[in-house]
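J.: what would the 3D arrangement of this be:
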Amino acid sequence: MHPYQLVRAFYTAEALQPDDVVLDIGCGDGCFTKHFLSAQCTEVDAIDIDPTAIREARRSNTKPNIAYYLRDAVKEPFPRKTYDVIVWNGAIGHFTSADARIVLEKIASALSPNGIFVGSESLGREGRDHLQFFETTNELAELFRPHFAALSTKSLRYPVYNTTFVRNEAYWRCSNSGERLTKLNWANGTPR
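T.: The predicted model follows:
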């Protein structure tokens with residue numbers, strides 16, 4: 001993996017505090033969950049709809065403060081009612097527009113009063129399995145605005161390892177309280 005592909009994990013870990021309870025939506029095999037989230041917070045609930053991914057996460061990426069769940073983020077409830085941080089990295093494009101809105105409503109209602117929603121998504125036409133595409137960080141911001149009182153975004157272009165493809169990836173931080181976002185200010189972010 002090329003180091004640029006880890007930026008989403010570093011941006012996510014940077015937003016965590018030691019006493020946070022975190023939800024990782026679309027955790028996949030749990031590699032980022034274990035190495036970037038669990039080391040920075042108290043507890044992590046990690047969910048994915050793919051049984052193979054959850055089996056691998058439970059086999060290879062366990063830690064005492066991680067609980068992996070086979071869950072459909074659209075149709076099933078989150079494991080807890082409230083989280084300090086909710087992470088959704090590289091997955092919004094895999095959801096229909098209607099389903100993404102359902103999950104965003106659930107995220108907004110599950111955040112603690114000073115909670116933060118962080119994540120990333122590729123910009124442009126990338127991925128054969130994507131159901132929706134975003135061309136700019138502004139398009140993503142428009143998706144988030146109905147659900148969050150404050151938001152900040154940024155993007156980064158980087159070469160994908162061993163290819164000629166250049167990925168343009170967006171990163172966000174959203175909250176219903178601007179306090180935590182202010183502490184995590186990105187110099188070139190776009191606060192709402």
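
J.: show me what the lengthiest helix in the chain is packed against.
T.: Counting residues, the longest helix found in the chain (DSSP state H) is helix 97-110. Applying 3 or more Cβ pairs under 8 Å, 6 or more residues apart in numbering; DSSP states H and E, one finds that helix 97-110 contacts strand 21-25, strand 83-89, helix 137-144. Placement of C-beta: from N, CA and C, glycine included.

J.: okay, the ones you listed in JSON lines with mean neighbour count, mean pLDDT and distance to Leu111 next?
T.: As requested, those are exported to JSON lines (neighbours: other Cβ atoms under 10 Å; pLDDT from 0 to 100; distance: least, Cβ to Cβ, whole Å):
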{"stretch": "strand 21-25", "mean neighbour count": "25", "mean pLDDT": "98", "distance to Leu111": "9"}
{"stretch": "strand 83-89", "mean neighbour count": "24", "mean pLDDT": "96", "distance to Leu111": "6"}
{"stretch": "helix 137-144", "mean neighbour count": "18", "mean pLDDT": "90", "distance to Leu111": "12"}
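
J.: make TSV from those and add distance to Asn185 to it.
T.: What follows is those, written out as TSV (distance: least, Cβ to Cβ, whole Å):
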stretch	distance to Asn185
strand 21-25	21
strand 83-89	17
helix 137-144	16
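
J.: what pairs with the helix or strand harbouring Val118, and is each one parallel or antiparallel?
T.: Per DSSP states H and E, Val118 falls inside strand 111-123. Within its sheet, strand 111-123 is paired with strand 83-89 (parallel), strand 166-175 (antiparallel), according to DSSP bridges.

J.: what's the closest of the ones you listed to Lys75?
T.: Closest to Lys75 of these, according to Cβ to Cβ: strand 83-89, at 16.2 Å.

J.: who's sitting farthest from the centroid in the chain?
T.: Thr164 (26.1 Å; Cα atoms, centre = their mean).

J.: so it, which of the three states?
T.: coil (DSSP: H, G, I helix; E, B strand; the rest coil).

J.: low-confidence stretches in this structure?
T.: Applying pLDDT under 70 to the chain flags the ranges 1-4, 126-131, 186-192.

J.: follow-up on the earlier one: what's the angle from the strand holding Val118 to helix 97-110?
T.: 150 degrees (axes from the mean of the first three to the mean of the last three Cα atoms, to 10 degrees).

J.: quick one: buried residues of strand 111-123?
T.: Buried residues in strand 111-123, counted by 16 or more other Cβ atoms under 10 Å: 111-112, 115-123.

J.: and stretch 175-184, end to end?
T.: 11 Å (Cα to Cα, to the nearest Å).

J.: so what's the residue nearest to the spatial centre of the chain up against?
T.: With distances taken as Cα atoms, centre = their mean, Trp88 lies nearest the centre of the chain, 2.1 Å away. Residues in contact with Trp88 (Cβ atoms under 8 Å, 6 or more residues apart in numbering) are 25-26, 103, 107, 117-119.

J.: these: which two are farthest apart?
T.: Val103 and Val118 (14.3 Å).
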